[in-house]
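Peer 1: What follows is a predicted structure for the sequence shown.
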Amino acid sequence: MLNEVVYCPRLFFYEWVEGVFVHNADTVEGALRHEKLERKEDPLPTAAEAETGESIRARSVELASDRLGIIARIDLVEGEGGTLSPVDYKKGAPRQGDDGSPEAWPADRVQVGAQALILRDNGYACDEAVLYYSATRQRVRVALDAALVDEITAAIATARALAAGGRIPPPLVDSPKCPRCSLVTICLPDETRAAATLPAEPDDAAQLALFATDEPPRAAAEADGDGLGEVRRLMPARDDLRPLYLTGHGLTVGKSGEVLQVREYGRAKGAPSKLIQEVRLNEISQINLFGNVQLTPAAVQGLCAAEKPVAYFSFGGWFYGLTQGLGLRNVFLRREQFRRADDPRFALRVARDLVASKIRNQRTLLQRNHVEPPPVALLRLKRLAQQAQAATALDELLGIEGTAARLYFEHFAGMLKVEDGDGGAPAFDFRTRNRRPPRDPVNALLSFAYALLSKDLMITCHGIGFDPFVGFYHQPRYGRPALALDLMEGFRPLVADSAVLTAINSRMVGDTDFIRAGDAVALTPAGRKGFIRAYEQRIDTLVTHPLFGYRVTYRRVFEIQARLLARFISGEILRYPGFETR
Ligand code: SF4
């Protein structure tokens, strides 16, 4: 704990106040090393016994100091002649002193120094502590002098003040510590600092310039005085883990060791099962089940323990449920989310940016994909985005969004470029948006795309610690995931509609991939698979973030945007910047 306070107060706050822990390769290795040491627990003689001068080597010793109010598990206590030293094992290398000699890192010094102080407070003679750096196999001695005692006391006071203050400290500035920090993808240090320079109200001229020119986004923003500095991409551009989709009838997912096994059971009672797929738990990000797919209790337990969400869809593609592990720990964020959602002015500020971004993204999609971009509609959408940005009430915003949606869908058919259905009729004829049930193939695809997108934003909300049912634009209604719907607004055109256009225009789905029942049109299993491919391809596409200038997948953008909203809610940034591409 003291190590984190000295390394980075924000890291301390995340881990010890909010309880957010994430392992990376370094922390996993460190945890394994400590686990090994803890298995070798040896008792520490009492202070009186230690004074007899015998050689002492006690492993994994837990001691506390009531005076300082701290507790430590010490890897090793060693000594002879009545004087003891704590030894702390570190994975890395020591830092180089000015004369090239190995030195302890400041955070390690304070941590092991506190262990030495605890030994003293328990009556043991202790003048120094030792750090063992495994990478170079070097021992570094740390004298427990007055200066170190002052540093330790100050670090304890800082920890207490941070915990009592309840406000997360700002991120480090351009620090070389961040790339190695296990919480870098949660903290977003450079992004948070850059977004904090945005004004509370968007500069309309800057917004429009950003939106109407072909300059790289950051250059345009800087030219207009947004002042976003250099932002390092400290997270991987894309996720190595893949979602698993299971759409067959009568499948059962079981678990053997760390492997999920998908089996198909014969229809006859007692018929043998056939193993049709195996996938390692640590290679998937989520699992999506359509229709009659069952999970064994062992599979549910394994998926929950590994924090892999399970999303349930009806056979027709209706998203109706989610199973999660116990990962939802960030109560502080949810408390602030509820408080802010009850503030109509705050809710309106978020809603204006969400709706304005959605309209601009609809306009961009038309501009990019329409066979002949309609100039009047584009101009009207531009104005509607401006009006959304200036709306004074949620009702007004709803009206603006509705008008923009009508205009956008009026021209949606101009982005469909396949016209060879049976009998010469257009295969994908789109006139207007309809749902519940969709009455034509394009609407069936749009509904399915929005279901997949809302599932992904629900999972994002859960992962961050938001309550997906408490939103800012979408108002509370029984069973409505209002925040997930809020966050998906800007991505409807960019991800869902775009995936529909790709699926149709590149023939990933064809007119035989739909079934009709009365007025309703639904996808066949083959059509659903084809569309899932188009959707996954879309969210795995690299896109330039308009504020930060680096390229990441849409799946990463979902998380970045949700974390920016969390920053706005916590007051770290002055505005929620919606995601817009050009
Ligand atoms: S990423 Fe950097 S600023 Fe953020 S917690 Fe880690 S070290 Fe601190």
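Peer 2: Right, received. Where do you want to start? Residues are numbered from 1 along each chain as shown.

Peer 1: Run through the residues that contact the closest residue to T432 other than its chain neighbours.
Peer 2: Setting aside the residues directly before and after it, T432 is nearest to F409 in space (Cβ to Cβ, 6 or more residues apart in numbering), at 6.1 Å. C-beta here means a position set from N, CA and C on the backbone, and glycine is covered the same way. For F409, the residues meeting the contact criterion (Cβ atoms under 8 Å, 6 or more residues apart in numbering) are F430, T432, R433.

Peer 1: Name the helix or strand for F409, please.
Peer 2: Secondary structure assigned from DSSP states H and E places F409 in helix 394-410.

Peer 1: how far out from the middle of the chain is that helix?
Peer 2: Once both centres are worked out by Cα atoms, centre = their mean, to the nearest Å, helix 394-410 turns out to sit 30 Å from its chain's centre.

Peer 1: can you give me phi and psi for the nearest residue to L76 once chain neighbours are set aside?
Peer 2: For L76, the nearest residue in space outside its immediate sequence neighbours is V87; the separation is 4.1 Å by Cβ to Cβ, 6+ apart. When quoted as degrees, to the nearest 10, the phi and psi of V87 stand at phi -120, psi 130.

Peer 1: How about the residues of the stretch 101-250 of the chain by the ligand?
Peer 2: Applying Cβ under 6 Å from any ligand atom, we find that the stretch 101-250 of the chain lies next to the ligand at P171, L172, S175, K177, C178, C181, L183, V184, C187, P189.

Peer 1: Which two of the residues you listed have the greatest separation?
Peer 2: Greatest spacing in these, by Cβ to Cβ: S175 and L183 (12.8 Å).

Peer 1: what about these two, which has more around it?
Peer 2: The neighbour count for S175 versus L183, taken as other Cβ atoms under 10 Å, is higher for L183 (20 against 14).

Peer 1: Contacts only, for the more buried one.
Peer 2: L183 makes contact with L11, Y14, E15, V20, V22 under the criterion Cβ under 8 Å, 6+ apart.

Peer 1: again, but for T83
Peer 2: For T83, counting by Cβ under 8 Å, 6+ apart, the contacting residues are A125, C126, D127.

Peer 1: Redo those residues as a markdown table? Include secondary structure and pLDDT.
Peer 2: Formatted as a markdown table, the contacts of T83 follow (DSSP: H, G, I helix; E, B strand; the rest coil; pLDDT from 0 to 100):
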| residue | secondary structure | pLDDT |
| --- | --- | --- |
| A125 | strand | 94 |
| C126 | coil | 94 |
| D127 | coil | 94 |
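
Peer 1: E559: which of those is nearest?
Peer 2: Comparing every one of the contacts of T83 with E559 (Cβ to Cβ), the shortest separation belongs to C126, at 45.9 Å.

Peer 1: Tell me the one of the contacts of T83 nearest A271?
Peer 2: Taking these together and measuring to A271 by Cβ to Cβ, the closest member is C126, at 70.7 Å.

Peer 1: For the closest one, which non-adjacent residue is closest in space?
Peer 2: Nearest-residue entry for C126: L119, 4.3 Å, with adjacent residues in sequence omitted and distances by Cβ to Cβ, 6+ apart.

Peer 1: doesn't L63 make contact with that neighbour?
Peer 2: Yes: at 6.8 Å, L119 counts as touching L63 under the criterion of Cβ atoms under 8 Å.

Peer 1: Residue for residue, what is the longest helix the protein has?
Peer 2: Across the chain, the helix with the greatest residue count (assigned by DSSP state H) is helix 344-369.

Peer 1: Mind giving me the packing neighbours of that helix?
Peer 2: Applying 3 or more Cβ pairs under 8 Å, 6 or more residues apart in numbering; DSSP states H and E, one finds that helix 344-369 makes contact with helix 204-212, helix 331-341, helix 375-390, helix 394-410, helix 482-488, helix 498-505.

Peer 1: switch the cut-off to 7 Å
Peer 2: helix 375-390, helix 394-410 (3 or more Cβ pairs under 7 Å, 6 or more residues apart in numbering; DSSP states H and E).

Peer 1: Which among those helices is found nearest to the ligand?
Peer 2: Between the ligand and the helices and strands packed on helix 344-369, the shortest separation by Cβ to the nearest ligand atom is 31.3 Å, and it involves helix 375-390.

Peer 1: dump the residue contacts of N282.
Peer 2: N282 makes contact with E258, according to Cβ atoms under 7 Å, 6 or more residues apart in numbering.

Peer 1: correction: V184
Peer 2: V184 sits next to C178, L234, M235 when contact means Cβ under 7 Å, 6+ apart.

Peer 1: Name the residues of this structure found near the ligand, please.
Peer 2: The interface of the chain toward the ligand, taken as Cβ under 6 Å from any ligand atom, is made up of 8, 10-11, 171-172, 175, 177-178, 181, 183-184, 187, 189.

Peer 1: I'd say Q261 and T252 touch.
Peer 2: No: in terms of Cβ atoms under 7 Å, Q261 does not count as a neighbour of T252; the distance is 8.7 Å.

Peer 1: overlap in contacts of those two?
Peer 2: Jointly contacting Q261 and T252 under the rule Cβ under 7 Å, 6+ apart is no residue at all.

Peer 1: quick revisit: the residue nearest to C126 contacts S85, doesn't it?
Peer 2: No: the pair formed by L119 and S85 falls short of the contact definition of Cβ under 7 Å, at 8.1 Å.

Peer 1: Report the contact partners of the one residue in the stretch 401-550 of the chain that gets nearest to the ligand.
Peer 2: With distances taken as Cβ to the nearest ligand atom, the stretch 401-550 of the chain approaches the ligand most closely at F548, which sits 14.8 Å away. Neighbour list for F548: E191, A194, V231 [criterion: Cβ under 7 Å, 6+ apart].

Peer 1: Repeat that for A163.
Peer 2: Contact criterion Cβ under 7 Å, 6+ apart gives V17 as the residues in contact with A163.

Peer 1: where's it, which helix or strand?
Peer 2: helix 146-165.

Peer 1: cool, L453 as well?
Peer 2: Mapping L453 onto the secondary structure by DSSP H and E places it in helix 441-464.

Peer 1: again with V142
Peer 2: strand 138-143.

Peer 1: Now do that strand: distance to the chain's middle.
Peer 2: Taking Cα atoms, centre = their mean, one finds the center of strand 138-143 at 39 Å from the center of the full chain.

Peer 1: what does stretch 441-451 give?
Peer 2: 26 Å.

Peer 1: got it, and stretch 307-320?
Peer 2: Per Cα atoms, centre = their mean, the displacement of stretch 307-320 from the mean C-alpha position of its chain is 20 Å.

Peer 1: first to last residue in it, what's the distance?
Peer 2: With Cα to Cα, to the nearest Å as the measure, the first residue of stretch 307-320 is 19 Å from its last.

Peer 1: Which positions within it qualify as buried?
Peer 2: Buried residues in stretch 307-320, counting neighbours by 16 or more other Cβ atoms under 10 Å, are found at K308, P309, V310, A311, Y312, F313, G316, G317, F319.

Peer 1: Am I right that the fourth one sits in a strand?
Peer 2: The reference is to A311. Yes: under DSSP: H, G, I helix; E, B strand; the rest coil, A311 sits within a strand.

Peer 1: Okay, strands next: where are they in the stretch 1-150 of the chain?
Peer 2: In the stretch 1-150 of the chain, the segments counted as strands under DSSP state E, counting those that start in this stretch are 56-65, 70-80, 83-90, 95-96, 102-103, 128-133, 138-143.

Peer 1: can I get those strands in a markdown table with mean pLDDT?
Peer 2: Formatted as a markdown table, the entries for these read as follows, by pLDDT from 0 to 100:
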| stretch | mean pLDDT |
| --- | --- |
| strand 56-65 | 92 |
| strand 70-80 | 93 |
| strand 83-90 | 94 |
| strand 95-96 | 94 |
| strand 102-103 | 94 |
| strand 128-133 | 96 |
| strand 138-143 | 96 |
